[in-house]
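Colleague: A structural model of the following input is requested.
(one chain, ligands or ions: 2)
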Amino acid sequence: MSNLLSAEQSEYWSELAQTYVWKKKWDNLISGDFHKADVKWFNGAELNITENCLDRHLENRRNKKALIFEPNNPNEPSSFLTYGELHLSVCRFANLLKSKGIKKGDVVCFYMGMTPELMIGILACARIGAIHTVVFGGFSPLSLRGRLEDSKAKLIVTHDGAYRGDKLIQLKAMVDEAIEGLDSVETVLVVKRTNNEINMKGGRDYNYETVIKSAELYCPPTPVEAEHPLFILYTSGSTGKPKGLLHTTAGYMVHVGKSFKDVFQYKENDIFWCTADIGWITGHSYMTYGPLLNGATTVMFEGVPTFPTPARFWEVVEKHKVTHLYTAPTAIRSLEKFGHEIPDKFKMSSLKVLGSVGEPINEEAWHWYHKHVGKEKCPIVDTWWQTETGGILISPMAGLTKLKPAHATLPLPGIEPCLMDENGKEIKDLVASGNLCLKTPWPSLARTIYGDHERFIQTYFSTYPGYYFTGDGAKRDSDGYYRITGRVDDVINVSGHRIGTAEVEDAINEHPSVIESAVVGLPHPIKGQGLYAFVIPVDGVEDSEALEKEIRETVNKIIGPIAKPDLIQVVEGLPKTRSGKIMRRILRKIVENEIESIGDTSTLLNPEIVEKLIAGKKELN
Ligand code: ATP
Ligand code: MG
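Modeller: Ligands and ions are numbered 1, 2, ... in the order given. Here you go, the predicted structure:
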């Protein structure tokens, strides 16, 4: 027992932890101080997470598929690795890392396309207690450099090039640019994928295919302390400078493994496909660690949803008999644009469960996903969590929790969310709306922002002392269900009424001619703040007064007159992060006429859109 958790919570986490393999069990479950952002789990324990992901399955699942790889180009055959093969590949990669001087505690960076070597590589790090940090291959050399300077990675694993849809991304050349003059990087391992021409620097750069040949076949798992760092992962930067969140081994493993099973109701022969890139937390927790901890078969897709056609997702589902599809609202909306006739052509009869993550899923997209992809027979788990939380915290459990579209519903076992009011007090009423916090620690919470613990405390533990503050707003209804209303920064105060952007966007998106929208606050002489809506219409629909009027009417009907946008700008796209989230801070700057302080847009997926938005900006009369 501790004063950090209730007796029931302590018992829950201890019993759960018993289901994993440990080199040495813990002396005490939890210690420290949640107020000070300093909590340690499983004190005194030692383990290796790859033993839990791989070795322990060898007896019964050696020949079971662990990983199915679906390449970018559908004409290239897909491939797979069994648990036995994945174990072997990880051991060899781990020995290769050792031979290049990587030791327990060293940081290894991965800047790659989505191929099996990426998953093998991060597991190889974990095998020897090295810390992996994956930088999404869509980031610029400048962004990569910033993350390398921050993490002090000694070795980088990259590809000669990566395929993404019809593009070839020259990753190795980008690495060369990023590490020019950066002494901390000693070694670059280059995995061949695209065979484009690259420069190799003697004594620094090595061909993976050549050096792996001499790697020994077995590498014993290095036992590490429970709180030994497992990885550093940078957030997408929707709200500012990316934060390098540090996750540690035991706590992360315990919650991620169990939440995978609970949320998705995973069963032994299911085929799980998470479409996220490993460069995001979703790819860490629910493409790699969660499925492997459960001995599941996980699908890795190299490409993009619309290549070579917008039917690709549905083809992959049928080809690999996917039972669980876990994707993001941004992907769903991008496919919705092409019409439901496309998924309607596919039976996708293997599907059992659909998942959503990354943003609030608007009701329209929820229904589209439910009807045209899930054929009205698959529950949708709308999973709320963050890079910081390591694993899912609020979500339905597939088939068990009664669903409500666009609601993340209930906390998982052991998790204790709450809502705070404007005075910093916890709201005790069941039906409420406020800022979402966590009241008690859970094992997979990030331990710090790498190299900046002060920022960690400031960002998450200072707003409401004693609570973890998520930065998100939420509503709770009479069933106790949570609905995430968007980031707190995005709450707009119209004539004294607090309005969440997600809610208004949701209403706007109900209009049949609208695909996607983004709402930000507009400085308003009378109301304080008004609402400015950027709206992407379906193909062929133009801006017109009639359309604007209809959109306002739709919002009026769904939320009320208070939420009617003051200005509506019809646009062809919205500025998005590489993970597909709308960067509202850029939209805010545009609307506030603070163009000079928009800052660096090079990390955007589509930087060219910013100029167009500025050019088309509307003004209050
Ligand atoms: P940064 O912290 O750098 O701004 P980010 O918050 O976009 O980046 P992530 O950790 O990947 O980076 O995203 C977590 C956020 O995504 C949550 O705080 C929440 O705003 C949003 N989110 C994730 N899942 C859901 C969901 N199911 N419903 C609503 N919002 C979600
Ligand atoms: Mg965040």
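Colleague: Contacts for the lowest-mean-pLDDT helix or strand in the chain, please.
Modeller: Among the helices and strands of the chain, strand 497-500 carries the lowest confidence by mean pLDDT, DSSP states H and E, at a mean of 79. Strand 497-500 has contacts (C-beta atoms under 8 Å, 6 or more residues apart in numbering) with 433, 473, 485, 486, 490, 491, 492, 493, 531, 559, 562, 563. C-beta coordinates here come from the backbone N, C-alpha and C atoms, glycine included.
Colleague: Tell me, how many residues neighbour the first one?
Modeller: When you say that, I think you mean residue 433. 20 (other C-beta atoms under 10 Å).
Colleague: Identify the bridge partners of the closest residue to it other than its chain neighbours.
Modeller: Leaving aside its chain neighbours, residue 433 sits nearest to residue 475 (4.3 Å; criterion: C-beta to C-beta, 6 or more residues apart in numbering). On the basis of DSSP bridges, residue 475 is bridged to residue 433, residue 483.
Colleague: so how far is ligand 1 from residue 475?
Modeller: Between residue 475 and ligand 1 the distance is 12 Å, computed by C-beta to the nearest ligand atom, to the nearest Å.
Colleague: For that residue, which residues are in contact?
Modeller: By C-beta under 8 Å, 6+ apart, residue 475 lies in contact with 432, 433, 482, 483, 485.
Colleague: okay, now the nearest residue to residue 490 once chain neighbours are set aside: neighbour count?
Modeller: Of all residues beyond its chain neighbours, the one nearest residue 490 is residue 501 (4.3 Å), with distances taken as C-beta to C-beta, 6+ apart. Using other C-beta under 10 Å, residue 501 has 26 neighbouring residues.
Colleague: what about residue 501, distance to residue 547?
Modeller: 20 Å (C-beta to C-beta, to the nearest Å).
Colleague: Where do the helices of the stretch 101-250 of the chain begin and end?
Modeller: 116-128, 141-151, 171-179, 208-211, 249-264 (DSSP state H, counting those that start in this stretch).
Colleague: Can you tell me which of those helices is nearest to ligand 1?
Modeller: With respect to ligand 1, and counting by C-beta to the nearest ligand atom, the nearest of the helices of the stretch 101-250 of the chain is helix 249-264 at 11.2 Å.
Colleague: Quick check: next helix or strand after that closest one?
Modeller: Following helix 249-264 in sequence order, the next helix or strand is strand 271-274 (DSSP states H and E).
Colleague: need the next SSE after that next one, C-terminal direction.
Modeller: Next along from strand 271-274, by DSSP H and E: helix 281-283.
Colleague: what is the mean pLDDT for that next one?
Modeller: In this model, helix 281-283 carries a mean pLDDT of 96.
Colleague: Just checking the distance from whichever helix or strand comes after it to the centre of its chain.
Modeller: Using DSSP H and E, the helix or strand that follows helix 281-283 in sequence is helix 290-293. For helix 290-293, the separation from the chain centroid amounts to 16 Å (computed by C-alpha atoms, centre = their mean, to the nearest Å).
Colleague: swap in stretch 552-565?
Modeller: Counting by C-alpha atoms, centre = their mean, stretch 552-565 comes out at 32 Å from the chain centroid.
Colleague: Buried residues in it, which are they?
Modeller: Buried residues in stretch 552-565, counted by 16 or more other C-beta atoms under 10 Å: 552, 554, 555, 558, 559, 563, 564, 565.
Colleague: who in the stretch 451-600 of the chain is up against ligand 1?
Modeller: Selection of the stretch 451-600 of the chain residues close to ligand 1 by C-beta under 6 Å from any ligand atom yields 470, 471, 472, 484, 487, 581.
Colleague: hang on, the earlier thing: let me have the helices of the stretch 101-250 of the chain in TSV, extended by mean pLDDT and mean neighbour count.
Modeller: Supplementary listing: these in TSV, determined by pLDDT from 0 to 100; neighbours: other C-beta atoms under 10 Å:
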stretch	mean pLDDT	mean neighbour count
helix 116-128	98	26
helix 141-151	91	20
helix 171-179	97	22
helix 208-211	98	14
helix 249-264	98	26
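Colleague: Using CSV, lay out those helices together with distance to residue 373.
Modeller: Shown next, in CSV, are those (distance: least, C-beta to C-beta, whole Å):
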stretch, distance to residue 373
helix 116-128, 26
helix 141-151, 33
helix 171-179, 32
helix 208-211, 37
helix 249-264, 16
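Colleague: give me every residue that touches residue 296.
Modeller: Counted by C-beta under 8 Å, 6+ apart, residue 296 has contacts 260, 266, 270, 272, 290.
Colleague: Equivalent analysis for residue 100, please.
Modeller: Listed by C-beta under 8 Å, 6+ apart, the contact set of residue 100 reads 155, 186, 187, 189, 206, 211.
Colleague: and if you look at residue 186?
Modeller: 100, 101, 154, 155, 204.
Colleague: ok, now residue 43?
Modeller: The neighbours of residue 43, taking C-beta under 8 Å, 6+ apart as the test, are 26, 27, 28, 29, 30, 31, 226, 227.
Colleague: Check the gap between the closest residue to ligand 1 within the stretch 501-621 of the chain and residue 368 for me.
Modeller: Per C-beta to the nearest ligand atom, residue 581 is where the stretch 501-621 of the chain lies closest to ligand 1, at 5.1 Å. Distance, residue 581 to residue 368, using C-beta to C-beta: 19 Å.
Colleague: Farthest-apart pair in the contacts of strand 497-500, please.
Modeller: Using C-beta to C-beta, the two most remote members of the contacts of strand 497-500 are 433 and 531, lying 17.7 Å apart.
Colleague: which regions of the chain sit below the pLDDT cut-off?
Modeller: The model of the chain has pLDDT under 70 over residues 1-2, 236-240.
Colleague: Run through the residues of it sitting next to ligand 1.
Modeller: 235-239, 242, 280-281, 356-360, 382-384, 386-387, 408, 470-472, 484, 487, 581.
Colleague: Apply 8 Å and report the result again.
Modeller: 234-243, 280-282, 356-361, 382-388, 394-395, 408, 470-472, 484, 486-487, 502, 577, 579, 581 (C-beta under 8 Å from any ligand atom).
Colleague: Mind checking which of these are buried?
Modeller: In the residues of the chain next to ligand 1, burial by neighbour count holds for 234-239, 242-243, 280-282, 356-361, 382-388, 394-395, 408, 470-472, 484, 486-487, 502, 577, 579, 581, counting by 16+ other C-beta under 10 Å.
Colleague: Now, the contacts of residue 186 that are in strands?
Modeller: Among those, the ones falling in strands (DSSP state E) are residue 155.
Colleague: Now the two most distant members of the contacts of residue 186.
Modeller: Largest pairwise distance in the contacts of residue 186, by C-beta to C-beta, is 12.4 Å, between 101 and 204.
Colleague: any shared contact partners between the two?
Modeller: In contact with both residue 101 and residue 204: 186, 187, using C-beta under 8 Å, 6+ apart.
Colleague: before we move on, the earlier item: of the contacts of strand 497-500, which is the nearest to residue 119?
Modeller: When the contacts of strand 497-500 are compared for distance to residue 119 (C-beta to C-beta), residue 486 wins out at 32.3 Å.
Colleague: hang on, that closest one packs against residue 470?
Modeller: No. When contacts are counted by C-beta atoms under 8 Å, residue 486 is not listed as touching residue 470 (11.5 Å).
Colleague: neighbours of residue 24, just the number please.
Modeller: Counted with other C-beta under 10 Å, the neighbours of residue 24 add up to 13.
Colleague: quick one: it and residue 224 touch, right?
Modeller: No. Residue 24 is not in contact with residue 224 according to C-beta under 8 Å; the separation is 10.7 Å.
Colleague: Quick check: neighbours shared by those two?
Modeller: Residues touching both residue 24 and residue 224 (C-beta under 8 Å, 6+ apart) are 46, 47.
Colleague: Show me this structure divided up by domain.
Modeller: The chain breaks down by the TED database into domains covering 10-19+47-426, 495-616.
Colleague: how far does the shortest one sit from the chain's center?
Modeller: Offset of domain 495-616 from its chain centre (C-alpha atoms, centre = their mean): 24 Å.
Colleague: tell me how far the ends of that domain are from each other?
Modeller: Distance between the two ends of domain 495-616: 27 Å, counting by C-alpha to C-alpha, to the nearest Å.
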